[in-house]
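[1] no sequence on hand, only this structure:
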């Protein structure tokens, strides 16, 4: 679990910064990422960076933290606390917090598969039009 803790600390850093170097380090080039509004998986580090970009298109100043992890062999179900700001023209910016549960499959200390529910959660809360 000690190695997992370091991995996920770096992964949260990646989510908060969209750092391409961390993406290359943490995500397999062949990783497949599934998002509810897409019919085809996104692939590799660029694919996950695309997911982060889509999330950032709806929310600003996003901060991710791990609230809970459930481990099953090499699969991880992670509950994230996500705090962000919604830009609003008619009133002051609004700060929101949601919880998102994503699943990741790791091999050789890299993510090889993931199921990201962040955009679906934003949509359900009326924050995203996807």
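    Structure received. Worth saying up front: this structure is predicted, and the values here are computed from it rather than measured.
[2] now the helices for the chain?
    With DSSP state H, the ranges of helices along the chain come out as 2-17, 20-26, 44-58, 118-124.
[3] by mean pLDDT, show me the worst of the ones you listed.
    Across those, the stretch with the lowest average pLDDT is helix 118-124; it has a mean of 74.
[4] show me what counts as buried in that one.
    118-119, 121-122 (16 or more other CB atoms under 10 Å). All C-beta atoms are positioned from the backbone trio N, CA, C, and that covers glycine.
[5] for these, which one is nearest residue 84?
    Minimum distance to residue 84 across the buried residues of helix 118-124 is 9.0 Å, recorded for residue 122 (CB to CB).
[6] can you tell me how far that closest one is from residue 67?
    17 Å (CB to CB, to the nearest Å).
[7] picking that back up, Throw the helices of the chain into CSV and include distance to residue 110, thanks.
    Shown next, in CSV, are the helices of the chain (distance: least, CB to CB, whole Å):
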stretch, distance to residue 110
helix 2-17, 9
helix 20-26, 6
helix 44-58, 10
helix 118-124, 20
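[8] ok, back up a step: can I get the buried residues of helix 118-124 in TSV including distance to residue 99?
    Putting the buried residues of helix 118-124 into TSV (distance: CB to CB, whole Å) gives the following:
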residue	distance to residue 99
118	10
119	14
121	8
122	12
